[in-house]
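> Sequence and computational prediction follow.
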Amino acid sequence: MEVSARMIADSLYLENKVIRVGFSRRTGALMQIEDKLRGCQHLQGDEQSVPFRLARQGGQMQGAYRVFDFEQREGSLTLHWSLSGCRLEATVTLLNDGLSFSFLLTGPGAAKYHAVEYPILGALSSWGQESYLAHAYATGLLMRNPAAHLPARGRLRFCPYPEGFSGATMQFMAYYHPGKGGLYLAAEDGQARQKWLNAYTHRGS
């Protein structure tokens, strides 16, 4: 597997022969996902993209941080955000056919948060009626043209797992475009720990 991590202007790229992924060098936000084999741009973010959100007790979400820095290795990036009393560290590893994300919130202030929303994939490309969302909500759903039908709020915005009535029964979802490719997102967690598989619209995307 040939891999590279390189900085161009204000972006930081991780790529191999299959996938090219870009992060903001200023904030660490996920900015670009490109399927190089199919020539498909799945994600094209901007500097308004946020790298993560933290949830306090009571549901308040925020993504504020004081300092961002990163470490670059062959085939992976480690991203660090310093917050008030805690530190969020995320590692993105390039695989043969995709990416692996992991993160850890540490420090004395970590206990005041009850959830981390990461990674955030914003401004996903849409092909209208040729785009589909497969989600494990309740007994499962397949939504055509989700950009036009997904709400900004509601049950899919915070979709808990494992919860088969008003949440997700499996730890995956997929957003795809027949003939063009797509994204498959899954948590490899055999212990079935609580998590959210969130799908929603934001600022028209």
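On my side now, so go ahead. Everything quoted here is computed from the prediction, not taken from an experiment.

> only C-alpha atoms for contact and neighbour calcs from this point on.
Fine.

> what's next to stretch 149-169, contact-wise?
By Cα atoms under 8 Å, 6 or more residues apart in numbering, the surrounding residues in contact with stretch 149-169 are 135-140, 170-171, 192-202.

> please redo it, this time with the cut-off set to 7 Å
Residues lying outside stretch 149-169 but in contact with it, judged by Cα atoms under 7 Å, 6 or more residues apart in numbering, are 136-139, 170-171, 192, 194-202.

> Over to stretch 124-142?
Contacts of stretch 124-142 with the rest of the structure, by Cα under 7 Å, 6+ apart, involve 41-44, 143-147, 164-170, 172-178, 205.

> What are the phi and psi values at the residue of the chain most remote from its centre?
Here the centre of the chain is the reference, and by Cα atoms, centre = their mean the most remote residue is residue 108, at 25.8 Å. Its backbone dihedrals place residue 108 at phi -60, psi -30, with angles given as degrees, to the nearest 10.

> Just the pLDDT at it, thanks.
For residue 108, the pLDDT comes out at 94.

> packing partners for the helix or strand hosting residue 42?
Residue 42 is part of strand 40-44 when elements are defined by DSSP states H and E. The contact analysis (3 or more Cα pairs under 7 Å, 6 or more residues apart in numbering; DSSP states H and E) places strand 40-44 against strand 30-35.

> which residues of this structure score low on pLDDT?
1-10 (pLDDT under 70).

> what ranges do the helices span in it?
146-149 (DSSP state H).

> what residues are up against residue 73?
Going by Cα under 7 Å, 6+ apart, the list of residues near residue 73 is empty.

> Against residue 13, how distant is it?
If you measure residue 73 against residue 13 using Cα to Cα, to the nearest Å, the figure is 12 Å.

> Next: residue 180.
Counting by Cα to Cα, the separation of residue 180 from residue 13 is 22 Å.

> These two: who's more crowded?
Residue environment comparison for residue 180 versus residue 13 gives the larger neighbour count to residue 13, 21 against 15, counting by other Cα atoms under 10 Å.
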